[in-house]
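Enquirer: sequence first, predicted model second:
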Amino acid sequence: MRITIIKGLKDDRIEFRRGDGSEAAAHFPKKGPIPHDFVHFAVERGFGLRDGFLGKVAAGADPDAVAEMAKRGGHASAARADKPDPAIVEMVQVERLVECFEADAWSGGDDNDTLRALARAGWSQSLVPPLKLDDATITAVRRTIADFAAQWGNLTTGQRIELTW
């Protein structure tokens, strides 16, 4: 799948061209120095996770419908503390891990044990099992995020970055 992330002024845009030629797109608000959906790319690709947000989109789900899918499946949050439907467990695991890598990147983190502890706490609160987080993959994902952040920071509004999933 080809992914294009376009830098916007108030929000950014992500476009998908799946292997079958179908397309989808979504806008997402800025909530940090780099797009949240790029962190999904780095985490899902880096850890080989195929059923998170991008995996669902690659399989044909509309990006805007994925959040609703999670809500219907019992995605655990402060407002909905239910054990999630098995169909969305990996999606929830990914979301918690993405949040950890975002916090890690924003804070200049480099402590793998702290990242793992944060992830375990998030998974526990979301009622999903933990994933294995090895040092080599954590380091590789951090590097991918840092490299992207350097590129993204140099873009002006309307410019884009192309990715291959």
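Expert: Looks like it arrived, so ask away.

Enquirer: helices of the chain, start to end?
Expert: 36-46, 53-58, 63-72, 89-107, 112-125, 135-154 (DSSP state H).

Enquirer: what sits against residue 133?
Expert: 47, 97, 112, 115-116, 119 (C-beta atoms under 8 Å, 6 or more residues apart in numbering). Yep, even glycine has a C-beta here, placed from its N, CA and C like the rest.

Enquirer: distance of it from residue 148?
Expert: Plainly put, residue 133 is 20 Å away from residue 148 if you go by C-beta to C-beta, to the nearest Å.

Enquirer: now swap in residue 99 and tell me
Expert: 17 Å.

Enquirer: then residue 120?
Expert: In terms of C-beta to C-beta, residue 120 sits 25 Å off from residue 148.

Enquirer: cool, and residue 158?
Expert: Applying C-beta to C-beta to residue 158 and residue 148 gives a distance of 18 Å.

Enquirer: residue 99 and residue 148: who's more crowded?
Expert: Applying other C-beta atoms under 10 Å to residue 99 and residue 148 shows that residue 148 carries more neighbours, namely 20 against 16.

Enquirer: not counting sequence-adjacent ones, nearest residue to that one?
Expert: Nearest non-adjacent residue to residue 148, counting by C-beta to C-beta, 6 or more residues apart in numbering: residue 38, 5.6 Å away.

Enquirer: repeat that for residue 13.
Expert: Closest residue in space to residue 13, ignoring its immediate chain neighbours: residue 6 at 4.3 Å, by C-beta to C-beta, 6+ apart.

Enquirer: and the residue nearest the centre of the protein?
Expert: residue 40 (1.9 Å; C-alpha atoms, centre = their mean).

Enquirer: ok, it - contacts?
Expert: 52-54, 94, 98.

Enquirer: count of neighbours near the residue nearest to residue 148?
Expert: Neighbours around residue 38, by other C-beta under 10 Å: 23.
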